[in-house]
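Asker: next comes the sequence, and after it the predicted model I'd like to discuss.
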Amino acid sequence: MKYIGLSIILPCYLVAQSAIVLDEIRIEEQSQRQTNSVSIDLEKEEQNQANSVFDLFKKEASVELGGGGSSNAKRVYVRGIESSTLNISLDGATQGTNIFQHRGNELGINPDILKVVKVKTSPDVSKGGSLGGSVEMTTKDAQDFVKNGKNVGGIVKAGYSTNTNSKSGSLTAYGVYDKHYGILASVSGVNSDNYEDGNNDEMLATAYKDRNYLLKLTLNDLNNHDLKLSFNQNSNSGDMQWGKTGSDKGLNVDPTLLENVLSTTTNYTLQHNYSNGNLLNLDTNMYFTNIEVDREKYDYQYDNDTVGVKLQNHFYLDTESIKNKISLGVQVEDEESTSNASVTSIAATPSHYAPISSNNKAVFIQNKTTINNLDINYGVRFDKYEFETGLGEVSDTTTSPNFGLDYKINENSNVYANYGQSSRMSGTIPFTWAMNIRDDTTYSKDLEAEKSTRYEIGYELRGEELFTNTDGFIFNANIFRTEVNDLITSYSGLTNASGKFSYSGEAGLALTDIYNSDYEYVLKGFEIKGSYFIDNYFASLSFSQVDTNVYDEKDAGQSGEPLAIRRVGGWDSKKVVLNLGAELLDGLSMDYTLTAVAGIDNADQVTRGGYTTHDISTKYQVGKKWTYYAAVTNLTNKYYAPHTTLSGSSDDDYRRDIGRDFKFSVKYEF
């Protein structure tokens, strides 16, 4: 309540100071980037009425969503790599960890408070643990709302969706003093009922409540200093299944198994930059992230805390013919998991809950050398890991090099190639599992850090005046390969009172081992993107194909729950996305998206049919105060599910996605 009160009081104070009308703010990434970066147009996604960061990726050919059931079971796959193996951050603070069958609210954030979303698959030594790439989210500053000298104001927004009878609302207020000092406060929420699929069947355990709070203080460009202090909290709650894979598989849910689960992620961050000449450009990042999960039925609470600091300085050393940008940095990160839950293993296999702790110390250096039209990127990261569970304490050190070339062929085109390695010591095993250890057990062998190797080759072409003197186009193509080795996984080997055998720790049974898998996961494929712009019209077409060796462990007899598809990588994928848009009248714009996904017929994976969906969105701005939005998703009420949604006891026993949904919202700026 204190955060709600703050967000109500602040705009009242600001309005009392001055009656301000905001100019429209355009918050977006570039219209398209190289295919090793996913481009997110945040203004367009506001038109599409995205309620979470998950929604931002629905129209990306190289990104797939999974977890068709409860909101806290949702997952993101980038180039087939599941988000457990990505480095995800918000204002520099580490996000997300596997809780049980669920994730740590890593992407449940309200997109309206975001300024930039960067998804990178190319190697980056400054981001530890990025086995498959990184998702970097940055919240807006108060200064981002200022235009033409108007430095005090706010935004009120409300929305409604028909399929889920959901209501959403937000209140944002900002103030800037002397252009350097800013304060921003925002509160938002969504109340959503169970959705209906394309057959108009209600999907139990899909209703949820989301709440988001942001308070941010900024000091920009004052005597070469930039300082940002932020508090962000996202909570998600609903009647869900703690087990049964988070309700994301199986068409029939037993209501008696549902319980209220509340997940809350809280971030405190400090970001500081000081620049003074070519030799001193220091970035300091300090952060604390707390993930708290409450099972109110049993009064169980699970906590995961991460505290970290990263220092990085950029040196610019140039000669007449060669330019160098050298980045040197250090990073320290500590993570700890605790719980007050009781042990649920059967008496014949006595076990105990033991806290988990991990520590990562790293030093890294990266250089970008520019010689005429050639950029050469090369660097290395050294990591030292310490990892302790109820099975004992282990440690490891790794060296992760990278090398890349980017050659500018002419003013309009370039080719690039990247190679890089990365590592981490923990991440895929849910921390609620890893705390439940059978007595008198230890690691079966020395535990090593997980490792990945990534390759990519790409081409980019940009041009103007293709058909007329007012048009433009962008074309990108990319080939990639990702290899994940020494994946840290868990083993139970126990059977519960109902006779269910637990291979990796599901069913609440204790672990007897944590070890490195001998299986090498390989994900490879290619992407093609093209965009065309003319006057007030645009069109884009993208295609992505990913081939993986991830298999259905349930049928292969390797596990009682599909570990790989849930926490490593998705199944084979072929996806096409067509997007058309136009500004029809002054202030009125419309957008249409077609998404087509090919079927899967792979004996080692699954057999699923393909599907095609259609989405339409409109935006109408009246003056500078009022903006109206209307949209319809899944226009044809298609009965479908993303291929990364898990199956139950049979190949057809999986949850379909939401059916036709009409969305309406209105925004008032003062």
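Answerer: The structure has been received and is ready for your questions. Numbering: from 1, shown residues only.
Asker: only C-alpha atoms for contact and neighbour calcs from this point on.
Answerer: OK.
Asker: show me the contacts for the nearest residue to residue 539 once chain neighbours are set aside.
Answerer: By the measure of C-alpha to C-alpha, 6 or more residues apart in numbering, the closest residue to residue 539 outside its immediate chain neighbours is residue 580, 4.5 Å from it. Contacts for residue 580 (C-alpha atoms under 8 Å, 6 or more residues apart in numbering) come out as 537-540, 591-593.
Asker: mind running it again at 10 Å?
Answerer: 531-532, 537-541, 590-594, 616 (C-alpha atoms under 10 Å, 6 or more residues apart in numbering).
Asker: state the distance from it to residue 374.
Answerer: From residue 580 across to residue 374, the span is 35 Å (C-alpha to C-alpha, to the nearest Å).
Asker: then the residue nearest to residue 539 would be within a strand, right?
Answerer: Yes. For residue 580, which was evaluated using DSSP: H, G, I helix; E, B strand; the rest coil, the result is membership in a strand.
Asker: measure it to residue 631 for me?
Answerer: In this structure, residue 580 and residue 631 are separated by 14 Å, where distance is defined by C-alpha to C-alpha.
Asker: and residue 48, by the same measure?
Answerer: Distance of residue 48 to residue 631, given as C-alpha to C-alpha: 6 Å.
Asker: count of neighbours near residue 115?
Answerer: 18 (other C-alpha atoms under 10 Å).
Asker: would you map the helices across the chain?
Answerer: Using DSSP state H, the helices of the chain run over 2-17, 42-47, 53-56, 431-434, 553-556, 563-567.
Asker: contacting residues around the most centrally placed residue in the chain?
Answerer: Nearest to the mean C-alpha position of the chain, by C-alpha atoms, centre = their mean, lies residue 107 at 4.8 Å. Contact analysis of residue 107 by C-alpha under 10 Å, 6+ apart lists 52-56, 72, 74-76, 83, 88-90, 95-96, 135, 137, 234.
Asker: check residue 387 too.
Answerer: Under the criterion of C-alpha under 10 Å, 6+ apart, the contact partners of residue 387 comprise 335, 356-360, 393-396, 425-426, 447-449.
Asker: please name the nearest non-neighbouring residue to it.
Answerer: Here the residue nearest residue 387, using C-alpha to C-alpha, 6+ apart, is residue 358, at 4.4 Å.
Asker: same check, this time on residue 156
Answerer: For residue 156, the nearest residue in space outside its immediate sequence neighbours is residue 171; the separation is 4.8 Å by C-alpha to C-alpha, 6+ apart.
Asker: same question, residue 633
Answerer: For residue 633, the nearest residue in space outside its immediate sequence neighbours is residue 615; the separation is 4.5 Å by C-alpha to C-alpha, 6+ apart.
Asker: thinking that neighbour is in contact with residue 577, fair?
Answerer: No. Contact between residue 615 and residue 577 fails when scored by C-alpha atoms under 10 Å: they sit 11.1 Å apart.
Asker: pLDDT below threshold where in the stretch 351-500 of the chain?
Answerer: Of all residues in the stretch 351-500 of the chain, those with pLDDT under 70 make up the ranges 497-498, 500.
Asker: to clarify, my last question referred to the stretch 101-250 of the chain.
Answerer: Using pLDDT under 70, the flagged stretches of the stretch 101-250 of the chain are 101-106, 243-250.
Asker: tell me where it has strands.
Answerer: Remark: strands assigned in the stretch 101-250 of the chain by DSSP state E, counting those that start in this stretch are 114-120, 134-139, 152-161, 166-177, 181-192, 208-222, 225-240.
Asker: so which of these comes closest to residue 279?
Answerer: The closest of the strands of the stretch 101-250 of the chain to residue 279 is strand 225-240. By C-alpha to C-alpha, the value is 15.3 Å.
Asker: buried residues, the closest one. List them.
Answerer: For strand 225-240, the neighbour count (16 or more other C-alpha atoms under 10 Å) marks 226-240 as buried.
Asker: mutual contacts of residue 615 and residue 577, please.
Answerer: Taking C-alpha under 10 Å, 6+ apart as the contact criterion, the residues that touch both residue 615 and residue 577 are 59, 593-595.
Asker: in the stretch 501-650 of the chain, which spans are strands?
Answerer: In the stretch 501-650 of the chain, strands defined by DSSP E, counting those that start in this stretch lie at 501-502, 513-516, 521-534, 537-548, 573-585, 588-597, 600-601, 607-608, 611-622, 626-633, listed in chain order.
Asker: could you tell me the least trusted of those?
Answerer: Considering those one by one, the lowest average pLDDT is found for strand 501-502, at a mean of 72.
Asker: helices or strands up against that strand?
Answerer: With contacts defined as 3 or more C-alpha pairs under 10 Å, 6 or more residues apart in numbering; DSSP states H and E, the packing partners of strand 501-502 are strand 494-495.
Asker: adjacent strands (with direction) for the strand it packs on?
Answerer: On the basis of DSSP bridges, the sheet neighbours of strand 494-495 come out as strand 501-502 (antiparallel).
Asker: off-centre distance for the strand it pairs with?
Answerer: Computed by C-alpha atoms, centre = their mean, to the nearest Å, the chain-centroid distance of strand 501-502 equals 31 Å.
Asker: so which residues of the stretch 251-400 of the chain form strands?
Answerer: Residue ranges of the strands in the stretch 251-400 of the chain, as given by DSSP E, counting those that start in this stretch, are 259-275, 281-295, 300-318, 322-339, 351-353, 356-371, 374-389, 392-408.
Asker: out of those strands, nearest to residue 486?
Answerer: Shortest distance between residue 486 and the strands of the stretch 251-400 of the chain, using C-alpha to C-alpha, is found for strand 392-408: 12.5 Å.
Asker: need the CA coordinates for the closest one. CSV is fine.
Answerer: What follows is the C-alpha trace of strand 392-408 in CSV, where atoms were taken according to Å, rounded to 0.1, in the frame of the first residue of the first chain:
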residue,chain,number,x,y,z
GLY,A,392,28.8,-30.3,-0.3
GLU,A,393,31.0,-27.4,-1.6
VAL,A,394,32.6,-27.4,-5.1
SER,A,395,34.5,-24.8,-7.1
ASP,A,396,35.7,-24.3,-10.7
THR,A,397,37.5,-21.7,-12.9
THR,A,398,36.8,-21.0,-16.6
THR,A,399,38.3,-18.9,-19.4
SER,A,400,35.8,-17.7,-22.0
PRO,A,401,37.3,-16.0,-25.2
ASN,A,402,35.4,-14.4,-28.0
PHE,A,403,36.3,-13.0,-31.5
GLY,A,404,34.3,-11.2,-34.1
LEU,A,405,34.6,-9.3,-37.4
ASP,A,406,32.4,-6.7,-38.9
TYR,A,407,33.3,-5.5,-42.4
LYS,A,408,31.6,-2.6,-44.1
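Asker: note down every partner strand of that strand and its orientation.
Answerer: Strand 392-408 has its sheet partners listed here by DSSP bridges as strand 374-389 (antiparallel), strand 413-424 (antiparallel).
Asker: tell me how far the first one is from the chain's mean position?
Answerer: Averaging C-alpha positions (C-alpha atoms, centre = their mean) puts strand 374-389 22 Å from its chain's average.
Asker: and the angle for it with strand 322-339?
Answerer: For the pair strand 374-389 and strand 322-339, the angle between their directions (axes from the mean of the first three to the mean of the last three C-alpha atoms, to 10 degrees) equals 20 degrees.
Asker: strand 374-389 to strand 356-371, inter-axis angle?
Answerer: Here strand 374-389 points in a direction 170 degrees away from that of strand 356-371 (the same axes, to 10 degrees).
Asker: ok, now which ones touch residue 396?
Answerer: Residues touching residue 396, when contacts are defined by C-alpha under 10 Å, 6+ apart, comprise 360, 383-387, 424-425, 446-449.
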